[in-house]
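Asker: the sequence and its predicted three-dimensional model are supplied below.
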Amino acid sequence: MKWNKLPKQEANQFMNQEFDLLLDLFQEEHLALEYLWKGSKAKMKVSTISSVCAATADLIAATEKQTDIKSIFKTYQNLLTKYNLK
């Protein structure tokens, strides 16, 4: 973001891409990443129930609060495989 809190050109380009899948791997609150998440045109957003972005996710993984990215990613992988969303 710029000094005036407006997104840079790269942020706008990211948000305008129509990704098939966007995974929330946030480990803590991060305003710039949350802004990108909320503005993203991704077809499906996957988050954990304990994430600050869960309210705007299309699919939420009910997990214990996890701080390890590998375990969060593994949870997503299992969830997406289970429902054949890979």
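Answerer: Good, I have the coordinates. Residues are numbered from 1 along each chain as shown.

Asker: gap between the most centrally placed residue in the chain and residue 70?
Answerer: Centroid-nearest residue in the chain: residue 24, 2.6 Å away (criterion: Cα atoms, centre = their mean). Distance of residue 24 to residue 70, computed by Cβ to Cβ, to the nearest Å: 15 Å. The way it works is simple: take the backbone N, C-alpha and C, and place the C-beta from them, glycine included.

Asker: give me the distance from the top helix by length along the chain to the chain's centre.
Answerer: Taking DSSP state H as the criterion, the chain has its longest helix at helix 69-82. Centre-to-centre, helix 69-82 and its host chain are 13 Å apart (Cα atoms, centre = their mean, to the nearest Å).

Asker: and that helix, which residues are buried?
Answerer: Going by neighbour count (16 or more other Cβ atoms under 10 Å), the buried part of helix 69-82 is 72, 75, 76, 79, 80.

Asker: all strands of the protein, in order?
Answerer: Under the criterion DSSP state E, the chain contains strands at 22-23, 45-48, 59-61.

Asker: tell me which of those strands is the most buried.
Answerer: strand 45-48 (a mean of 22; mean count of other Cβ atoms under 10 Å).

Asker: any stretches of this protein with poor pLDDT?
Answerer: Along the chain, the parts satisfying pLDDT under 70 run over 1-7, 65-67, 85-86.

Asker: burial check on the residue lying closest to residue 14 once chain neighbours are set aside, number of neighbours?
Answerer: Spatial nearest neighbour of residue 14, chain neighbours left out: residue 36 (5.9 Å); criterion: Cβ to Cβ, 6 or more residues apart in numbering. Neighbourhood size, residue 36 [other Cβ atoms under 10 Å]: 18.

Asker: fine, thanks again, bye for now.
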